[in-house]
Structures are given as C-alpha cells and as structure tokens.
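Visitor: Predicted structure and sequence below. I'll ask about it afterward.
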Amino acid sequence: MKNNLNLYYDEEGDFLEIHIGNYGKGTFKNLGNGIFERIDENNNITGIAVMGFKKRINGSKKLKLPVSMQFFEA
C-alpha cells in the first residue's frame, strides 16, 4: 500500500507539518530549535513539524531542516 505525503500549514500559528499516510494517534518528539518528529503508536516516524516556518524561509525558496528522511514501501 502506498501512502500519500500530506502537508498542512497553519498561517496564523506559522506551523508546517509534513506527514505520510493517514493522520492517526501519535506524539511529537522535540528535536530542538522548533523541529519535531511525529511518532505513531508503533514508534514509527510518520512526519515532521516545523514551528516558525515562514520566518525560517524569509522569502527564500529553499529550506534545509536538520532531519533526514528515508522513504520505502511497506
């Protein structure tokens, strides 16, 4: 089964979330500097969240985050 990559941006809170598949129960692990991993009930990383997203890009079209992601088929 292939999962979709989903993006959610809250402009008022300046919060970006990127997650794979359906959004279910889980928690966020703070990686520091306003970056969070989303972890599901099976302890799999299913996404990332960025606080202060618009402030970080500051008009740039490129953004580097201090996380690495690997995509694979389940």
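Guide: The structure has been received and is ready for your questions.

Visitor: what about the strands in the chain?
Guide: 5-10, 15-20, 26-32, 35-40, 45-51 (DSSP state E).

Visitor: Save these as CSV, and put in distance to Lys62, mean pLDDT and mean neighbour count too.
Guide: (Each C-beta comes from the backbone N, C-alpha and C, glycine too.) Below are the strands of the chain laid out as CSV (distance: least, CB to CB, whole Å; pLDDT from 0 to 100; neighbours: other CB atoms under 10 Å):
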stretch, distance to Lys62, mean pLDDT, mean neighbour count
strand 5-10, 16, 90, 12
strand 15-20, 14, 91, 19
strand 26-32, 20, 94, 12
strand 35-40, 16, 94, 18
strand 45-51, 14, 92, 19
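
Visitor: Please produce TSV containing these, extended by distance to Ile57.
Guide: Converted to TSV, the strands of the chain look like this (distance: least, CB to CB, whole Å):
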stretch	distance to Ile57
strand 5-10	11
strand 15-20	10
strand 26-32	18
strand 35-40	14
strand 45-51	10
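
Visitor: which ones are touching the closest residue to Phe15 other than its chain neighbours?
Guide: Taking CB to CB, 6 or more residues apart in numbering, and ignoring the residues beside it in sequence, Phe15 has Met51 as its nearest neighbour in space, at 5.8 Å. Each residue near Met51 by CB atoms under 8 Å, 6 or more residues apart in numbering is listed here: Asp14, Phe15, Gly34, Ile35, Phe36.

Visitor: can you check Lys25 too?
Guide: By CB under 8 Å, 6+ apart, the neighbours of Lys25 are Asp40, Glu41.

Visitor: Would you quantify the distance from the spatially closest residue to Glu41 that is not a sequence neighbour to Gly52?
Guide: Nearest residue to Glu41, sequence neighbours excluded (CB to CB, 6+ apart): Lys25, at 5.4 Å. Computed as CB to CB, to the nearest Å, the Lys25 to Gly52 distance reads 26 Å.

Visitor: now swap in Gly59 and tell me
Guide: 14 Å.

Visitor: ok, the two, which is more surrounded?
Guide: Neighbour count, other CB atoms under 10 Å: between Gly59 and Gly52, Gly52 has more, with 14 against 5.

Visitor: Name whatever forms a beta bridge with His19.
Guide: Asn6, Gly47 (DSSP bridges).
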